[in-house]
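Trainee: just a sequence and a predicted model for now, questions to come.
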Amino acid sequence: MTSTPSSRFRIQFALGALACAGLMGYAMYSEIYLHLDPCNLCIFQRIAVIAMGIVFLLGAVVGPKSSGGRKAWSLFALLMALAGIAVAGRHLWIQSLPADQIPSCGAPLKDMLEMMSVGKVVVKVFGGSGECAAIPWRFLGLAMPGWVLISLVVLAAWALHAGFRRAK
């Protein structure tokens, strides 16, 4: 039985969706069982992973027949990954600052959304805050945003491979 480019794409995108679900599963595990409260930048990274997972899932369900459709879905997944990569990169930069240059702690995201417009909240969150500089968890020497960055780069490459792979 030979697989078509559309069926390979669907499988690859379904696996991408599962990977995003796994990332979110670990994020929830670390919050509930390891008691690691996410900072505002962590929440934005979660949003990017969820958005990428939704794109992967929808792409798998739709399973575009045309090469152009597969490329479009892959580029859309790439866009979500790039947003998350930007947030994770910013988070890592804030964590690398010397203690005297770390911004002061800000209000929780839900409180900021009640007080400001979404646009102002995004600008404020990207400014970073003291809780974003804390590194309460490491694995193999990397903090959580480092692993999110690596995961999103791998998932972006996976999406591009799925959409731009040449048929045999």
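Mentor: Thanks, I have it.
Trainee: just the pLDDT at the closest residue to M144 other than its chain neighbours, thanks.
Mentor: Nearest residue to M144 in three dimensions, chain neighbours excluded: W137, at 5.5 Å (C-beta to C-beta, 6 or more residues apart in numbering). C-beta here means a position set from N, CA and C on the backbone, and glycine is covered the same way. At W137, the pLDDT value in this model is 78.
Trainee: which ones are touching W137?
Mentor: Each residue near W137 by C-beta atoms under 8 Å, 6 or more residues apart in numbering is listed here: S30, L34, L36, A143, M144.
Trainee: buried residues of the host helix or strand of V61, list them for me.
Mentor: According to DSSP states H and E, V61 maps onto helix 40-62. The neighbour-count criterion (16 or more other C-beta atoms under 10 Å) identifies 40-42, 44-46, 48-53, 55-57, 59-60 as the buried residues of helix 40-62.
Trainee: next: stretch 20-39.
Mentor: For stretch 20-39, using 16+ other C-beta under 10 Å, the buried residues are C20, L23, A27, S30, L36, P38, C39.
Trainee: cool, stretch 13-22 as well?
Mentor: Buried, per 16+ other C-beta under 10 Å, within stretch 13-22: F13, A14, G16, A17, A19, C20.
Trainee: how far away is the third one from R165?
Mentor: Note on G16: its distance to R165, by C-beta to C-beta, to the nearest Å, is 13 Å.
Trainee: these two touch, right, P145 and C39?
Mentor: No: using C-beta atoms under 8 Å, P145 is not in contact with C39, being 9.5 Å away.
Trainee: any shared contact partners between those two?
Mentor: H91.
Trainee: contacting residues for R10?
Mentor: By C-beta under 8 Å, 6+ apart, the residues touching R10 are G59, A60, G63.
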